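Asker: Dropping the sequence and predicted coords here.
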Amino acid sequence: MKLNATEALERLKEGNHRYVSEVRGGDTYTLKARRNALLAGQEPFAIVLGCSDSRVPAEIVFNQGLGDLFVIRVAGNIVAPSQIGSVEFAAREFGSRLVVVLGHSNCGAVAATISALEQPGDAPSPNIGSIIDRIRPAVATLMESAPNEDRETLIGHAVRANIRASSGRLRTGSVVLEDLIRNDGLLVVGAEYSLETGEVDFFDGVG
């Protein structure tokens with residue numbers, strides 16, 4: 001049974017609560033029967049565009065199993081054409097009606113972007129520079145509006161600004177997704193995972 005966006009969001013919140021409470025919600029991801037059931041196809045109930053950071057695997061932090069989530073991971077949870085296309089594919093092909101942009105505290109890509117703005121120069125490589133360039137607009141605006149913030153506070157605010165920017169790009173950067181939002185109940189939300197507590201805070205695009 002397909003879940004609507006509200007039901008999918010609640011399922012993720014419940015899963016994260018189990019994870020934080022160290023209560024495992026079943027063993028579907030280890031059962032041979034589950035693997036066999038998925039041979040015929042998949043129906044992930046949510047799409048997660050998350051950071052590549054090894055400490056933030058979406059299936060684990062949301063306590064989900066095989067076939068539950070369609071996960072796209074990229075450093076800095078940035079949104080480029082390939083990420084948009086992946087979200088479009090899952091939303092159209094599988095009917096998933098919730099998209100979560102999942103960032104996390106102390107994001108290295110965000111910190112690198114701040115450093116690049118503080119000390120302009122050559123990026124470590126053109127490819128890393130392309131990631132920084134995607135994060136730069138949201139972080140630059142933040143730094144201009146609060147030039148005297150201490151670095152820890154700045155990174156915390158910049159992480160959220162980057163999440164908001166990425167979820168905003170998904171909402172407005174695709175004709176396909178705009179149509180699904182307008183006419184078919186697709187919801188795009190932004191969330192931050194705390195490395196310290198394990199909790200996920202859904203703060204953008206909800207309520």
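Answerer: Yep, it's here. Since we're looking at a predicted model, the values are computed, not measured. Residues are numbered from 1 along each chain as shown.
Asker: Select the longest helix from this structure.
Answerer: Counting residues, the longest helix in the chain under DSSP state H turns out to be helix 151-172.
Asker: ok, the residue nearest to residue 50 when sequence neighbours are not counted to residue 65 distance?
Answerer: Computed as CB to CB, 6 or more residues apart in numbering, the closest residue to residue 50 that is not its neighbour in sequence is residue 102, at 3.9 Å. The C-beta positions use only the backbone N, C-alpha and C, and glycine is treated the same way. Computed as CB to CB, to the nearest Å, the residue 102 to residue 65 distance reads 18 Å.
Asker: For the two, work out which one has more neighbours and name it.
Answerer: Per other CB atoms under 10 Å, whichever of residue 102 and residue 65 has more neighbours is residue 102, with 27 against 17.
Asker: okay, the angle between the helix or strand hosting that one and helix 151-172?
Answerer: Here residue 102 is covered by strand 98-104, with elements defined by DSSP states H and E. Here the directions of strand 98-104 and helix 151-172 differ by 160 degrees (axes from the mean of the first three to the mean of the last three CA atoms, to 10 degrees).
Asker: List the contacts of the following helix or strand past strand 98-104.
Answerer: Note on strand 98-104: by DSSP H and E, the next helix or strand toward the C-terminus is helix 108-118. Contacts with helix 108-118, where a contact means CB atoms under 8 Å, 6 or more residues apart in numbering, come from 51, 53, 75-76, 78, 103, 123, 128, 131-132, 135-136, 139-140, 143, 151, 154-155, 158-159, 162.
Asker: Now list the buried members of the residues you listed.
Answerer: Buried members of the contacts of helix 108-118, counted by 16 or more other CB atoms under 10 Å: 51, 53, 75-76, 78, 103, 131-132, 135-136, 139-140, 143, 154-155, 158-159, 162.
Asker: Tell me how far the least confident helix or strand in the chain by mean pLDDT lies from the chain's centre.
Answerer: Ranking every helix and strand in the chain by mean pLDDT, DSSP states H and E puts helix 32-37 at the bottom, with a mean of 85. Centroid separation for helix 32-37 versus its chain: 27 Å, with CA atoms, centre = their mean, to the nearest Å.
Asker: for the helix or strand that comes right after it, packing partners?
Answerer: Following helix 32-37 in sequence order, the next helix or strand is strand 46-50 (DSSP H and E). Under the contact criterion of 3 or more CB pairs under 8 Å, 6 or more residues apart in numbering; DSSP states H and E, strand 46-50 touches helix 5-21, strand 69-73, helix 81-94, strand 98-104.
Asker: Which stretch among the ones you listed is buried most, on average?
Answerer: strand 98-104 (a mean of 27; mean count of other CB atoms under 10 Å).
Asker: can you state the direction angle for that strand and strand 69-73?
Answerer: Using the same axes, to 10 degrees, strand 98-104 lies at 40 degrees relative to strand 69-73.
Asker: Report the strands that pair with strand 98-104, each with its relative direction.
Answerer: Strand 98-104 has these partner strands in its sheet, going by DSSP bridges: strand 46-50 (parallel), strand 187-193 (parallel).
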